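[1] just to be clear, the model below is a prediction. Sequence and coordinates:
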Amino acid sequence: MTQTEKTQLVWLRNDLRITDNPALYNASKNGFTVAVFCICEKQWQEHNDSPAKIGLIRDTLIALAKQLNTKNIPVKILISDWYANIPKQLAKLCSKLNVESIWFNNEYPVNEAKRDLQVEKALSHIGVNTHRFDGDVIAKPGSVVNGSGSMFQVFTPFANRWRKTITLSDLDVVKAPRKQSESAIKSDKIPAFGGNYREDLWLSDANKIHAHLESFIQNRESDYEENRDFPNINGTSTVSPYLTVGSLSVRECLNTLLKHSGHEALEKQWTTELIWREFYRHLMAKDKKLSKGYCFKHVGDNLPWNNDKLFDQWCLGQTGYPIVDAGMRQLNQTGWMHNRVRMIVAAFLTKLMRIDWHLGETYFMQHLIDGDFASNNGGWQWSASVGADAVPYFRIFNPYRQSEKFDPNGDYIRRFVPELKSITDKKIHQPTDTQCATLNYPKPIVDYAKERKYTLDILEKTFKQI
């Protein structure tokens, strides 16, 4: 890089990867490239990102910086605390590095979208161009619409249209940037930030992450539809943390599936689950109220919720319902919870305890290593029957039946609720009061039949007002 040569600045966010990163790749095609990452711990904490997730971001960033170093792409670090500080700090860095253009991949929640507009405005005042991409999705938000041009509010027609909109070429992965000449610009040292996470369970190295993805698709994806609802089986991909921090892209997932499954890849059940992720992003980009705590269905904003001290027992996995407690303890111990169990514990909180779904949404975000705002918000609204394509208000999961169906031998329960390990397979789903007392396990904190009836009465009166 010469003294007068213009610099391209790629702003890394939830896209901490060297491949299939359109902002990084296109920046590198247009000149000497420098990467920047803004550490915003106070803002992340305000958004309820978990210490584990922030810790994974830290380690993933460190691993990515090493990869970029092999391409002679320096990484600069800004400590911003709050998003509001970023425009001024980036403008200062752009002036220092003689930046011609900034390149980044879009984020869709309202605070992030507002931040990006403010950055674009601030940099335009100093002559820096902005180039934006949609690297977090395959279909750009707003591109999958119904016949009248409106956003779908129900998932299945959205998924059908998504599949018709997407071509196989849309799954082509963007290459890693070229190696550039060395320069006098040096990478900054990445400071310590974030918290601890289960490094025995979760990966930060890109090569290991891609090997993990390959292993799932080669060995377990064919049985995914059959096994995905059983938490005692290793039947899911567990790539959600990597999608969340961006060490893996959804396009890389489907491209890998395509190589193994051919044209039928787009019809697979695993693909359907990835389309759910896109659906919630499209909704969030379109409807700003979803980022502000409002329900997708306005009637949900008027539901009467309990202000119940029993919430803490749900958080700790001490409800007296073994499948619920197993799920909450898995979350607290590992930073992750099986998706079927997420639905069970969310339905239990919102429909049987009648506690505001916002509290559950927040607790999940504060503890999940894969805490994705759009998907977590969408999932909780779905469970509370107040979201897009939500479960009908009159469908209330029976935690005992869910447990018997999806953990038939009690293996999952025994793993996370070891005090019940001596109970027989048949009884472990609903231990007696005597067994609870003997094994130092709490009795059920709510009566299922009674609370189900009461909840149905409340919801029927509320939803009939629509």
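    That came through fine. Numbering: from 1, shown residues only.
[2] buried residues in the helix ranked longest in the chain?
    For the chain, the longest helix by residue count, based on DSSP state H, is helix 51-70. Within helix 51-70, the residues scored as buried using 16 or more other Cβ atoms under 10 Å are 51-61, 63-65, 67-68. Glycine gets a C-beta too; all of them are placed from N, C-alpha and C.
[3] pretty sure Glu5 contacts Phe32?
    Yes. With contact defined as Cβ atoms under 8 Å, Glu5 and Phe32 form a contacting pair (5.9 Å).
[4] mutual contacts of these two, please.
    Residues touching both Glu5 and Phe32 by Cβ atoms under 8 Å, 6 or more residues apart in numbering: none at all.
[5] first-to-last residue distance for stretch 23-37?
    Counting by Cα to Cα, to the nearest Å, you get 13 Å between the two ends of stretch 23-37.
[6] ok, and for it, which residues are buried?
    Those buried within stretch 23-37 under the rule 16+ other Cβ under 10 Å are Ala23, Leu24, Tyr25, Asn26, Ala27, Ser28, Phe32, Thr33, Val34, Ala35, Val36, Phe37.
[7] can you pull out the helices in the stretch 1-150 of the chain?
    22-29, 41-46, 51-70, 86-97, 110-124 (DSSP state H, counting those that start in this stretch).
[8] mind giving me the domain split of the chain?
    If you go by automatic domain parsing, the domain ranges for the chain are 7-135, 137-173+206-286, 298-463.
[9] the stretch 201-350 of the chain: helices as residue ranges?
    206-219, 224-227, 240-245, 250-261, 269-286, 311-316, 322-334, 339-347.
[10] identify the residues contacting Ser204.
    Leu56, Asp59, Thr60, Ile62, Ala63, Ser247.
[11] try it again at 7 Å.
    Ser204 sits next to Leu56, Asp59, Thr60, Ala63 when contact means Cβ atoms under 7 Å, 6 or more residues apart in numbering.
[12] any idea which of these is closest to Asn306?
    The closest of the contacts of Ser204 to Asn306 turns out to be Leu56 (Cβ to Cβ; 33.9 Å).
[13] I'd say the closest one and Trp202 touch.
    Yes. Leu56 lies in contact with Trp202 (Cβ atoms under 7 Å); the separation is 6.1 Å.
[14] can you list residues touching both of those two?
    With Cβ under 7 Å, 6+ apart, Leu56 and Trp202 have common neighbours Pro241, Ile369.
[15] if we can go back for a sec, out of the buried residues of helix 51-70, which is nearest to Val324?
    Of all the buried residues of helix 51-70, Val324 sits closest to Ala52, with 21.4 Å by Cβ to Cβ.
[16] distance check, the closest residue to Tyr363 other than its chain neighbours against His131.
    Excluding its sequence neighbours, the residue lying closest to Tyr363 (Cβ to Cβ, 6 or more residues apart in numbering) is Cys315, at 5.8 Å. Counting by Cβ to Cβ, to the nearest Å, the gap from Cys315 to His131 is 43 Å.
[17] out of the two, which sits in the busier spot?
    Ranked by neighbour count (other Cβ atoms under 10 Å), Cys315 and His131 place Cys315 first, with 18 against 15.
[18] quick one: average pLDDT of stretch 433-449?
    Stretch 433-449 shows a mean pLDDT of 97.
[19] ends of that stretch, what's the gap?
    End to end - Cα to Cα - stretch 433-449 spans 17 Å.
[20] cool, and stretch 249-268?
    Across stretch 249-268, first to last residue, Cα to Cα, it's 18 Å.
[21] can you point out the buried residues in that stretch?
    So, applying 16+ other Cβ under 10 Å, buried residues of stretch 249-268: 249-258, 261, 265-266, 268.
[22] list the contacts of that stretch.
    Applying Cβ under 7 Å, 6+ apart, the contact partners of stretch 249-268 are 17, 19-20, 135, 137-138, 163, 166, 168, 171, 173, 213-214, 217-218, 221, 239, 243, 270-271, 274, 277.
[23] and stretch 115-124, by the same measure?
    Tyr83, Ile86, Pro87, Lys88, Leu90, Ala91, Cys94, Ile102, Thr130.
[24] surely the second one touches Ser80?
    So the one you mean is Ile86. Yes. Between Ile86 and Ser80 there is a contact under Cβ under 7 Å: 5.0 Å.
[25] joint contacts of those two?
    By Cβ under 7 Å, 6+ apart, Ile86 and Ser80 have these common neighbours: Cys38.
[26] centre of the chain versus stretch 272-288, how much separation?
    When distances are taken as Cα atoms, centre = their mean, to the nearest Å, stretch 272-288 is centred 11 Å away from the chain's centroid.
[27] can I get the helices of the stretch 201-350 of the chain in JSON lines with mean pLDDT and distance to Arg452?
    Formatted as JSON lines, these follow (pLDDT from 0 to 100; distance: least, Cβ to Cβ, whole Å):
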{"stretch": "helix 206-219", "mean pLDDT": "98", "distance to Arg452": "37"}
{"stretch": "helix 224-227", "mean pLDDT": "98", "distance to Arg452": "29"}
{"stretch": "helix 240-245", "mean pLDDT": "98", "distance to Arg452": "31"}
{"stretch": "helix 250-261", "mean pLDDT": "97", "distance to Arg452": "37"}
{"stretch": "helix 269-286", "mean pLDDT": "97", "distance to Arg452": "27"}
{"stretch": "helix 311-316", "mean pLDDT": "97", "distance to Arg452": "17"}
{"stretch": "helix 322-334", "mean pLDDT": "98", "distance to Arg452": "15"}
{"stretch": "helix 339-347", "mean pLDDT": "98", "distance to Arg452": "11"}
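[28] where does pLDDT dip in the chain?
    Low-confidence segments of the chain (pLDDT under 70): 1-4, 465-466.
[29] try 80
    1-5, 307-308, 464-466 (pLDDT under 80).
[30] tell me which residue is most central in it.
    Asp372 (2.5 Å; Cα atoms, centre = their mean).
[31] hang on, that residue packs against Tyr242?
    No. Taking contacts as Cβ under 7 Å, Asp372 lies outside contact range of Tyr242: 11.2 Å.
[32] how about stretch 319-336: buried residues?
    Those would be 319-331, 334-336, for stretch 319-336 by 16+ other Cβ under 10 Å.
[33] of those residues, just say which sits nearest to Glu361.
    Using Cβ to Cβ, these come closest to Glu361 at Leu331, 13.1 Å.
[34] who's in contact with that closest one?
    Contacts for Leu331 (Cβ under 7 Å, 6+ apart) come out as Met337, His367, Leu368.
[35] for Ile86, same thing?
    Residues in contact with Ile86, defined by Cβ under 7 Å, 6+ apart, are Cys38, Ser80, Arg115, Val119.
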